[in-house]
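Novice: need a 3D model of the sequence below.
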Amino acid sequence: MLRSFYYVVGTSMVAVCLLLTIAAFAAEQQRADATKTEAPAAPPPPTEIALADIAARATDVAKLLDSLTSATAPDPQVENIAKSLADLSAALSEQAAATQTTLETEPTLETLQALVQQWQRRQLDTTAWLNTLTQHATKLQDGLKQLADQQQLWNSTKKSAEASKAPDPILQQIDATLTAIIVTQGKIQGEREVILDLQSRVAQEVTKCTAALTALNRFQQKAVAGIFVPDAPPLWRVDLWAGAFGALPEHVRNVQHARWSEFAKYVREPREGSALHAIFFIVLALIFRAARSKIAFWQKSGVAISEPLFVFARPYSAALASALLIATSPFFQLSNPVRQIMTLTALVPMLRLLKPTASPAIVAALYTAGGLFAIENVRQAYGGIQVIGQAILVAETLAALVAMFSLRRHYRQILAERAESSYLILLRAAHSLIIVVLVFSLLGGAAGYVRLARLLTPGILVGGVLALAAYAYLRVVGGVIALAFRVWPLRLLKIVEVHGEQLERSIYRFLIWMAVIGWTTRYLAYLGLLDTVLSLAGAVLTSKIERGTLSISVGSIIEFLLVVYAAYLLSRFLRFVLQEDVYPRIDLAPGMSYAVSSLLNYIILALGFVAGLGVLGVDFSKVSVMAGAFGVGIGFGLQSIVNNFVSGLILLFERPMHLGDTVEVGNLQGTVRRIGIRASVIRTGAGADIIVPNSQLITDRVTNWTLSDRLRRVDLPVGVNYGADPKIVIEVLERTALAHADVLRDPAPRALFIGYGENSINFELRVWPKNFNQAAQVRSDLASAVYHAVISAGMSFPFPQREVRILSDPTSESAPTLGSAGIRKD
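Specialist: Model (predicted):
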């Protein structure tokens, strides 16, 4: 109890010292910032050069002119900007026209977000160019200023030299220096004009990006803010249809021409990534086809095949789905028409991958969602005419409602076949919620609330398609991991051989979390809420907790915890790899593997903690403050903790005991189960785990029964009656010990004549059991066997005798005569 109290007090003091240290760092930093003084002002430059210094200063000017002249040499970055500016300008103009066309078709929020990201990347590129040119122009301007100052200085020097009638060589040197300055000024001014011209042209491209982003942001705000305001006439307005049908053929031709042009551009121009995507698909198809052949060979050989490997039964679908998922990711800047075509194409292989593993109801639902999603893409492509797009949206919503009601019988069958569960309750609630949302979307779209309908119905369809894509991603990646664990080189690892299934499950759980995060991110982007959520999360993470001079943000605390947790996971993984795959392959002394793993664990955790403190903003240059704070804490309450920690290190490296050793400390005997930082765990034969401080194992007397080997001698004392022949007794005892199956023959059992007792002659039988853990059982078996052997040999075991004397009272008549009687007690 007292030890626990000291431990709690010591731990609390560590926490207090750490907080005081961080506070001291913050206060010290603020004091350092407050005491900073401004640098003294530089003395004014001289107005003229002394005649004795002209030669030396002329040499300095020559060096300055050489350095400034080298600054006017062609810069690779500037040359690249000059070469690429025309192509960039044309591409931005083309992209601006495509963006304007897309805005006319009332795009989804996800499409708007994708356009915003594309223009933001363009803006970053052009802004980087503008910054590069600005830096170069600033450098040239600084050079011109230096030359102007030098020109003024040398002009003053020339006037002073002429007035003082300086020698002609001095005047000639001054004139030569002024001429060189003027020539260099001309070169730099010419280079500056070129840079300023490029800077102006690049600034125009930055303005294009800014204008496009402004238009997109305005359209996004309009699309989100007006969802509960009617933005189109109702569908039952007959007068709207006449003009719409007349303009429809021309609109369809224009859309088809634009989309065909975009797709042809994607195929024709390498920078669009078509060649890379094709190569990626071909490589994956070849790999997955080889995997299918390998799996078929394993099946013929009778090797068990895990479920994730069956994804390679359709290698081309897996390869095409993977290639299209990567191509449509935000990492590739594809135009909206090309992205839509790829997304629709990806539905086919993803549905083929899902069909063998899903129930008919789920397959039917996903096929329906895929078909409706295709209709939604048609609406986005050809819905530039308001009433036509509105009608397609209403028809799409109505078809979705019909499909949901037709799927009710499948869910009823599932509910009838299975017991009520949380999964079925969630399924039923989701089904009802989708129907309600579709009804609102149908009524809103027909009544003119097109923005609301465009958010509801496509939102449901996109959510289903994204879930399908996430599942296809899980199947393909899970199959690749399962295959990698069964082929060279991973199959040679011991951890894969022994813990392969466990590793697969752990990785699969991690992939599920990644899929959920990816689905959530893409869905929020489609709804137009991703930036809002990220901004809200950023505001929460940057909020600060302030107390006096101590200021720390929530994000820093979370980063600190994540860094420490990552260090813990890294330590755990490395120790697992060492234990399962490294130590069995090398020859180590007993206990060395545990010592190395423990030390590695301490080092990684310590480094993780230090890295976490760095994330918190702790200034390690003021480590003396930390040392002083910890010194006070150690001096008051942590002596025992530090003593136990150092003792634990001694136990690990000196290795007086190993894990699994049987030790005896005082009256405690048991097996060492763990050697920790502060204490070790010893398990007794009664099943109790005793926690022993490490310092006690170092300072106290410890008996280690298994330090050098696992042999333990069993001594059995035997006493026989007087009159027995000692040689015969020794022979009987040794013969009995040799007859026991668990007694070693080498060293052989040995019986010794110990001495003469009061009632018996004493012997001791010494044997070595084969198994250390069987010592107690061997002793019991030998005691029983020796008893029967001694009795069978005609000898006996003496028993103690006690003499009792009864004294009578002489004054009592009934008392017996004084005498004595010997009474033996058996």
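
Novice: all strands of this protein, in order?
Specialist: Applying DSSP state E to the chain gives strands spanning 544-547, 550-553, 662-665, 668-675, 679-684, 689-693, 702-704, 714-720, 750-756, 761-767.

Novice: so which of these is nearest Thr99?
Specialist: Across these, Thr99 has its closest neighbour in strand 550-553 (37.5 Å, C-beta to C-beta). Heads up, the C-betas are built off the backbone N, CA and C, glycines and all.

Novice: direction included, what does the closest one pair up with?
Specialist: strand 544-547 (antiparallel) (DSSP bridges).

Novice: any idea how far the residue sitting nearest the centre point of the chain lies from Asp581?
Specialist: With distances taken as C-alpha atoms, centre = their mean, the residue of the chain nearest its centroid is Ala566 (6.8 Å). Separation of Ala566 from Asp581 (C-beta to C-beta, to the nearest Å): 22 Å.

Novice: same thing with Leu738?
Specialist: Remark: distance between Leu738 and Asp581 (C-beta to C-beta) = 45 Å.

Novice: which one's more surrounded, the two?
Specialist: Between Leu738 and Asp581, counted using other C-beta atoms under 10 Å, Asp581 has the larger neighbour count: 17 against 12.

Novice: that one contacts Lys494, doesn't it?
Specialist: Yes. With contact defined as C-beta atoms under 8 Å, Asp581 reaches Lys494; the gap is 4.3 Å.

Novice: picking up where we left off before, got a list of what the closest residue to the residue nearest to the centre of the chain other than its chain neighbours touches?
Specialist: Of all residues not flanking Ala566 in the chain, Gly608 sits nearest, at 6.9 Å (C-beta to C-beta, 6 or more residues apart in numbering). By C-beta atoms under 8 Å, 6 or more residues apart in numbering, the residues touching Gly608 are 563-564, 566-568, 570-571.

Novice: for the stretch 551-700 of the chain, what spans make up the helices?
Specialist: Secondary structure of the stretch 551-700 of the chain, counting by DSSP state H, counting those that start in this stretch: helices at 554-577, 592-616, 623-637, 639-654, 694-699.

Novice: so for the first one, what gets flagged as buried?
Specialist: Along helix 554-577, these residues count as buried under the neighbour rule (16 or more other C-beta atoms under 10 Å): 555-556, 559-560, 563-564, 567, 571, 575.

Novice: how does this protein divide into domains?
Specialist: Domain ranges of the chain: 51-225, 239-536, 548-704, 714-792, per automatic domain parsing.

Novice: let's have those domains in TSV, adding distance to Pro798 and mean pLDDT.
Specialist: Shown next, in TSV, are the domains of the chain (distance: least, C-beta to C-beta, whole Å; pLDDT from 0 to 100):
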stretch	distance to Pro798	mean pLDDT
domain 51-225	100	85
domain 239-536	59	85
domain 548-704	32	84
domain 714-792	4	92
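
Novice: among these, which is nearest Ile806?
Specialist: Per C-beta to C-beta, nearest to Ile806 of those: domain 714-792, 23.6 Å.

Novice: ok, the closest residue to Gln579 other than its chain neighbours - how many residues close by?
Specialist: Nearest residue to Gln579 in three dimensions, chain neighbours excluded: Ser597, at 6.6 Å (C-beta to C-beta, 6+ apart). A count of nearby residues for Ser597, using other C-beta under 10 Å, gives 19.

Novice: gap between Ser597 and Leu652?
Specialist: Note on Ser597: its distance to Leu652, by C-beta to C-beta, is 10 Å.

Novice: repeat for Gly548
Specialist: 42 Å.

Novice: higher neighbour count, the two?
Specialist: Higher neighbour count among Gly548 and Leu652: Leu652, with 19 against 8, using other C-beta under 10 Å.

Novice: was I right about the more buried one contacting Ser598?
Specialist: Yes. At 5.4 Å, Leu652 counts as touching Ser598 under the criterion of C-beta under 8 Å.

Novice: joint contacts of the two?
Specialist: The overlap between the contact sets of Leu652 and Ser598 (C-beta under 8 Å, 6+ apart) consists of Ile675.

Novice: hmm, back to that, Asp231 is nearest to which of the domains of the chain?
Specialist: domain 239-536 (5.5 Å).

Novice: now do the end-to-end distance for that closest one.
Specialist: Start-to-end span of domain 239-536 (C-alpha to C-alpha, to the nearest Å) is 46 Å.

Novice: ok, now which ones touch the closest residue in space to Gly445 that isn't next to it in sequence?
Specialist: Spatially, and ignoring its direct neighbours in sequence, Gly445 is nearest to Ala453 (3.3 Å; C-beta to C-beta, 6+ apart). Contacts for Ala453 (C-beta under 8 Å, 6+ apart) come out as 393-394, 397, 441-442, 444-445.

Novice: for Ala453, give its distance to Val436.
Specialist: 14 Å.

Novice: can I assume Leu599 is in contact with Gly648?
Specialist: No. Using C-beta under 8 Å, Leu599 is not in contact with Gly648; the gap is 10.5 Å.

Novice: quick revisit: need the strands of the chain in TSV with distance to Leu461 and mean neighbour count, can you?
Specialist: Listed next are the strands of the chain as TSV, based on distance: least, C-beta to C-beta, whole Å; neighbours: other C-beta atoms under 10 Å:
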stretch	distance to Leu461	mean neighbour count
strand 544-547	43	10
strand 550-553	40	16
strand 662-665	68	19
strand 668-675	56	17
strand 679-684	58	19
strand 689-693	58	15
strand 702-704	71	15
strand 714-720	79	18
strand 750-756	88	14
strand 761-767	82	20
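
Novice: Glu48 is nearest to which of those?
Specialist: In this view, the strands of the chain are compared for proximity to Glu48 by C-beta to C-beta, and strand 550-553 is the closest at 54.1 Å.

Novice: just the CA trace of the closest one, in CSV.
Specialist: Extracted in CSV, the C-alpha atoms of strand 550-553 (Å, rounded to 0.1, in the frame of the first residue of the first chain):
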residue,chain,number,x,y,z
LEU,A,550,1.1,28.7,-21.6
SER,A,551,-0.6,28.4,-25.0
ILE,A,552,-1.2,25.2,-26.8
SER,A,553,-3.5,24.2,-29.6
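
Novice: contacting residues around the residue nearest to Ile754 when sequence neighbours are not counted?
Specialist: Distances taken as C-beta to C-beta, 6+ apart put Asn762 closest to Ile754, at 4.4 Å, once the chain neighbours are dropped. Counting by C-beta under 8 Å, 6+ apart, Asn762 touches 717-719, 753-756.

Novice: all helices for the stretch 51-200 of the chain, in order.
Specialist: Remark: helices assigned in the stretch 51-200 of the chain by DSSP H, counting those that start in this stretch are 54-71, 76-104, 109-163, 168-225.

Novice: and Leu599 and Gly648? Which one has more around it.
Specialist: Neighbours of Leu599 and Gly648, each counted by other C-beta under 10 Å, are more numerous for Gly648; the result is 23 against 13.

Novice: isn't Phe560 right up against Val618?
Specialist: No. Between Phe560 and Val618 there is no contact under C-beta under 8 Å: 9.9 Å.

Novice: separation between Ala211 and Arg122?
Specialist: 12 Å.

Novice: the more surrounded of the two?
Specialist: More crowded of Ala211 and Arg122, by other C-beta under 10 Å: Arg122, with 22 against 12.

Novice: doesn't Ser335 make contact with Ala98?
Specialist: Yes. Counting by C-beta under 8 Å, Ala98 touches Ser335, with 6.6 Å between them.

Novice: next, Pro548: phi, psi?
Specialist: Just so we're on the same page, residue 548 is Gly rather than Pro. The phi/psi pair for Gly548 (degrees, to the nearest 10) reads phi 70, psi -130.

Novice: okay, now Gln141: neighbour count?
Specialist: Neighbourhood size, Gln141 [other C-beta under 10 Å]: 14.

Novice: does it touch Gln189 like I think?
Specialist: No. Using C-beta under 8 Å, Gln141 is not in contact with Gln189, being 10.1 Å away.

Novice: perfect, I'm done here.
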